[in-house]
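take this sequence and fold it.
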Amino acid sequence: MKVTVGTDIIEVKRIEKAFENDNFANTVFTDKEIEYCESKKASKYQHYAARFAAKEAVFKAISKYLEDKYSISWKNVEIVNDKNGKPHVNLIDVNIKCADIDVSLSHLKDYAIANVVIAMDD
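A predicted model of the protein is given here:
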C-alpha cells in the first residue's frame, strides 16, 4: 500500500469572482456540493472554496496514477459531508485502486485550505 498526499489553498475572493461566469458552478461542482454550499448563505463562498481546494488536493494526490491529466474532471471528485458533518471524498468514474481517502477542510473569511491523504492499493 502506498500513501499519497495533496494540499491546496485558495483565496475565497477568487472563487467568488469565478461565480461571475454563469457556467462555473455547474462545471466544477456536483448538485450535492452546490446544494450544501448554497445552504450556508453568507459564508457559501468559503464552503465552495474549501471544496475547490479539496478537489485540487485530490488531483495532486492521484495525479501519478492517472493515464493523463485529462482523464479526470472537476465533477469526478465530489466533496460531501457525512451525517456527523465530516467531509468525505467520492470519486466518480475514476479508474484507480484507492483503499481509503481522508480529507480535511478549513476556511476563514479570506482563505480556504484542504489536505487529502490517500491510501492506494498497489
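
model confidence for D82, exactly?
Per-residue confidence at D82 stands at 94 (pLDDT).

what's the neighbour count on it?
Using other Cβ atoms under 10 Å, D82 is surrounded by 8 other residues. From N, CA and C alone the C-beta is placed, and that goes for glycine too.

is it in contact with V89, as I believe?
No: contact criterion Cβ atoms under 8 Å: D82 and V89 do not qualify, at 11.1 Å.

scan this protein for its longest helix.
helix 44-62 (DSSP state H).

which helices and strands does that one pack with?
strand 2-11, helix 12-18, helix 24-28, helix 31-38, strand 77-81, strand 87-91, strand 98-107, strand 111-120 (3 or more Cβ pairs under 8 Å, 6 or more residues apart in numbering; DSSP states H and E).

redo those as CSV? Include distance to F52.
Output for the helices and strands packed on helix 44-62, formatted as CSV (distance: least, Cβ to Cβ, whole Å):
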stretch, distance to F52
strand 2-11, 6
helix 12-18, 6
helix 24-28, 7
helix 31-38, 10
strand 77-81, 9
strand 87-91, 13
strand 98-107, 10
strand 111-120, 7
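
now those as CSV including mean neighbour count?
Below are those laid out as CSV (neighbours: other Cβ atoms under 10 Å):
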stretch, mean neighbour count
strand 2-11, 15
helix 12-18, 16
helix 24-28, 15
helix 31-38, 16
strand 77-81, 20
strand 87-91, 16
strand 98-107, 17
strand 111-120, 20
